[in-house]
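> could you look at this predicted model? Sequence included:
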Amino acid sequence: MNSIHLYNAEIKDVDNVINLLWNYKNEEGTHLPDVDDKKVKNSIIMFLKKGQIILLKDLDIDELIGCAICYKSSYWFSSQECMNLHTIYIKRNFRNFKLLNTLISAVKKIAKDLPIHLTVTTGNDTEPVFKRLGFDNLGSNWRYN
């Protein structure tokens with residue numbers, strides 16, 4: 001994995017983003033509800049309009065291996081803006097700190113000086129990794145079934 005290409009998705013990339021996110025569902029999604037393909041496509045298009053989808057491609061094998069989906073928002077209790085990092089994903093076989101840091105750095109560029117908020121819902125223990133990236137743990141996600 002020598003040649004990595006980072007770029008902003010466009011409308012022509014929608015199907016590739018959907019396929020990448022299906023890979024996420026297959027790798028991590030045992031706890032996720034059934035996927036509604038039409039809603040996924042509409043959501044990806046909405047994210048492209050409202051924010052940015054950063055794609056990570058391994059040029060050596062010509063394969064999309066990761067993405068970050070982010071958009072500016074504001075706190076529900078304030079007009080101050082923040083950056084919501086909605087999704088960050090790297091295929092399991094390609095995961096390493098350098099690639100994750102590359103994606104986070106791209107989001108930081110977009111966010112400029114805005115605080116970046118990320119919710120982790122996979123159930124994986126990611127706290128040490130995100131602390132190393134400079135994030136503070138502000139709480140936890142809880143789910144009741």
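All right, it came through fine.
> might you list the low-confidence residue ranges for this structure?
1, 29-30, 120-126, 139-145 (pLDDT under 70).
> in it, which spans are strands?
For the chain, the strands defined by DSSP state E cover 4-8, 52-58, 63-74, 81-90, 116-118.
> okay, now the residue nearest to L21 when sequence neighbours are not counted: neighbour count?
Computed as Cβ to Cβ, 6 or more residues apart in numbering, the closest residue to L21 that is not its neighbour in sequence is V40, at 6.7 Å. (Each C-beta comes from the backbone N, C-alpha and C, glycine too.) When neighbours are defined as other Cβ atoms under 10 Å, V40 has 16 of them.
> does V40 touch I18 like I think?
Yes. The criterion here is Cβ atoms under 8 Å, and V40 meets it with I18 at 5.8 Å.
> that older thread, comparing the strands of the chain, which stretch has the densest surroundings?
Highest mean neighbour count of those: strand 52-58, a mean of 21 (counted as mean count of other Cβ atoms under 10 Å).
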